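Asker: sequence unavailable; structure follows:
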């Protein structure tokens, strides 16, 4: 997958997750958003079948080194974040304050924590959908 394709996939996922955040599990308005997220996951599975599996969340969390910047702020280097996590983080962090050398480490941690919450909220929505068939 090209970087442009990954960027578009994660931008679409981010918009869908933000839309889902304002809906309660079982809300009929979530059906379309869930369909978008299901489609994105199917695309990822198709890509992952022919490439290396992306790291799980905790593997990504522990693989990204934190560096102390000369300003005294802890940062992470963007290139140290494995894909697709880097693109997910960048999409979620558009407009965030950062240093030229890299984003704040606390923002990386906040993103990972929020991702866990978003994935739990997504699971709650999926569980609340009526069974089809």
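Answerer: That came in fine, so what should we check first? It should be emphasised that the depicted structure is a prediction, and the values quoted were computed from it without experimental measurement. Numbers count the residues shown, from 1 in each chain.
Asker: show me the shaky parts of this protein.
Answerer: Applying pLDDT under 70 to the chain flags residues 47-52, 132-133.
Asker: output the contacting helices and strands for the longest helix seen in the chain.
Answerer: Longest helix in the chain by number of residues (criterion: DSSP state H): helix 105-128. Here helix 105-128 touches helix 3-21, helix 30-48, helix 57-63, strand 74-76, helix 85-92, going by 3 or more CB pairs under 8 Å, 6 or more residues apart in numbering; DSSP states H and E. The way it works is simple: take the backbone N, C-alpha and C, and place the C-beta from them, glycine included.
Asker: which stretch among those comes nearest residue 108?
Answerer: Within those, the stretch nearest residue 108 is strand 74-76; the backing value is 4.8 Å (CB to CB).
Asker: list the contacts of that closest one.
Answerer: Here strand 74-76 makes contact (CB atoms under 8 Å, 6 or more residues apart in numbering) with 64-69, 98-99, 101-106, 108.
Asker: most neighbours, which of those residues?
Answerer: Within these, most neighbours by other CB atoms under 10 Å means residue 108, with 24 neighbours.
Asker: what separates it from residue 42, distance-wise?
Answerer: As judged by CB to CB, to the nearest Å, residue 108 and residue 42 stand 28 Å apart.
Asker: with residue 80 instead?
Answerer: Residue 80 is 29 Å from residue 42, by CB to CB.
Asker: next one: residue 111
Answerer: Counting by CB to CB, the gap from residue 111 to residue 42 is 24 Å.
Asker: counting neighbours, go ahead and name the busier of the two.
Answerer: Neighbour totals were compared for residue 111 and residue 42, and residue 111 leads with 21 against 10 (other CB under 10 Å).
Asker: right, and that one touches residue 92 too?
Answerer: Yes: the criterion here is CB atoms under 8 Å, and residue 111 meets it with residue 92 at 5.4 Å.
Asker: so for residue 102, what's the nearest residue that isn't a sequence neighbour?
Answerer: residue 75 (4.1 Å; CB to CB, 6 or more residues apart in numbering).
Asker: so that neighbour bridges to which residues?
Answerer: residue 67, residue 104 (DSSP bridges).
Asker: separation between it and residue 33?
Answerer: Residue 75 is 33 Å from residue 33, by CB to CB.
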